[in-house]
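In: With the input below, show me the fold.
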Amino acid sequence: MDVAKLSNYPFLTQAADYVADMGTSIENILTSRAFDIARYRAQIRVTQAIQGEITQDKGINNIAELLSYPISRIIISCIDDAFLIRRCGLAEAKSAYVLMKREDEAFIQEIGKDLDINAAITEGGFRIHFTDYIRGAAGMRALNWKLVNRRLNSGFVNITKEEYARLLQEAIRGRISASLPLEVPDRFCKILKEDIEEIKIRLEASKSEFDEEGFGDVAPDEFPPCVVHLLSNAQAGVNLAHSARFALTSFLINIGLTVDQIIQMFNVSPDFNEEMTRYQVDHISGGTGTKYKPPSCATMITYGNCFGKDELCKNIGHPLSYYRNKKKTRNPIPTTNKNDEKE
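Out: Here you go, the predicted structure:
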């Protein structure tokens, strides 16, 4: 695979081997003026990932583009923020997906082998064993990806080229996210201090952007820990389970967010479908007659959606009660018994 291809898919094993065989140290790449462009591109790469989309820069040579990936991984590891890691994993995977759809079948098959999601080329696309299919589709929530909704033939599933690329996208996201943060020497972080500080500013701005522009008079600082966790994952592009999406959506609806504001929040999901999301959010908000309340704390625990329980949670039986108590005072004296909340 030539360097032009490797620069488009820098997460591949061959790309890492190419960089290792260049005969230059990481410290030299981080300090030498010869690699200024690669370091600049790395900062842009992380910034674009935070914003949700990594775009190619035609003016940067292939070597600089390729090297920007390991440099970006060092920057991300120095910051060591879970939100940033998830965001970058998703953005890199989405960028690769766009490119893979344009590649020929043989090249996509080669990428699949590297990611251990193997498939055979067929006349209509690809033929993949159900074990590889499950491994690729494990993180997808849409019903059409469930194995029970696919036709099996001797243990194999037929998929289109685009579907195979989508399976590989999910594998890429998983590979990148699982490999971060790296164990980075402190001196590397000091060398990249200026870039890191700028990325941190952009990261915090991104985290607060939805709070400032989307919530209006709503007070995100008073959200219960479970909602904070789900909201953080949603904004980072994590595919939430159905029960988690319902809990988050119904909570936000009941504290005053609009359907459009909530759709905006979910549009970074890997499987985002605006029409389907709008239907689901509208349904929860009462568009079909019944406005749904969020689940109680007991139900949240049952479905594995209770995260980061704090002291106030011990005396509260419902996420809405938590929010109301926190809004009344920064140091609330809970008055609601767990058994009193009927929402």
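
In: so how far is residue 12 from residue 18?
Out: Applying Cβ to Cβ, to the nearest Å, one obtains 9 Å for the distance of residue 18 from residue 12. C-beta coordinates here come from the backbone N, C-alpha and C atoms, glycine included.

In: Ok, residue 311 next?
Out: Note on residue 311: its distance to residue 12, by Cβ to Cβ, is 47 Å.

In: Also residue 100?
Out: On the measure of Cβ to Cβ, residue 100 and residue 12 end up 12 Å apart.

In: Looking at residue 311 and residue 12, which has the bigger crowd around it?
Out: Taking neighbours as other Cβ atoms under 10 Å, residue 311 and residue 12 compare with residue 12 leading, 20 against 9.

In: which one is the more buried one nearest to, not counting chain neighbours?
Out: residue 114 (5.1 Å; Cβ to Cβ, 6 or more residues apart in numbering).

In: Repeat that for residue 267.
Out: Nearest residue to residue 267 in three dimensions, chain neighbours excluded: residue 274, at 7.1 Å (Cβ to Cβ, 6+ apart).

In: I'd say that neighbour and residue 264 touch.
Out: No - Residue 274 sits out of contact with residue 264 when judged by Cβ atoms under 8 Å, with a separation of 10.1 Å.

In: what sits against the closest residue to residue 19 other than its chain neighbours?
Out: Spatial nearest neighbour of residue 19, chain neighbours left out: residue 70 (6.0 Å); criterion: Cβ to Cβ, 6+ apart. The contact partners of residue 70, by Cβ atoms under 8 Å, 6 or more residues apart in numbering, come to 10, 16, 19, 26, 29.

In: gap between the spatially most central residue of the chain and residue 261?
Out: If you average the C-alpha coordinates of the chain and look for the closest C-alpha using Cα atoms, centre = their mean, you land on residue 237, 3.1 Å from that point. Here residue 237 is placed at a distance of 18 Å from residue 261 (Cβ to Cβ).

In: just the helices in the stretch 1-150 of the chain please.
Out: Assigned by DSSP state H, counting those that start in this stretch, the stretch 1-150 of the chain shows helices spanning 3-8, 13-20, 26-31, 36-51, 62-79, 82-100, 105-114, 130-137.

In: Out of the ones you listed, the one nearest residue 323 is which?
Out: helix 82-100 (21.9 Å; Cβ to Cβ).

In: pLDDT on the closest one, on average?
Out: In this model, helix 82-100 has an average pLDDT of 92.

In: contact partners of that helix?
Out: Contacting residues not belonging to helix 82-100 are listed as 8-9, 11, 46, 48-50, 52-55, 72, 76, 108, 111, 165-166, 168-170, 172-174, 176-177, 180-181, 199, 203, 206-207, 232-233, 235-238, 268, 270 [Cβ under 8 Å, 6+ apart].

In: what's the weakest-modelled helix or strand in the protein?
Out: Across the helices and strands of the chain, mean confidence by mean pLDDT, DSSP states H and E is lowest for helix 193-214: a mean of 77.
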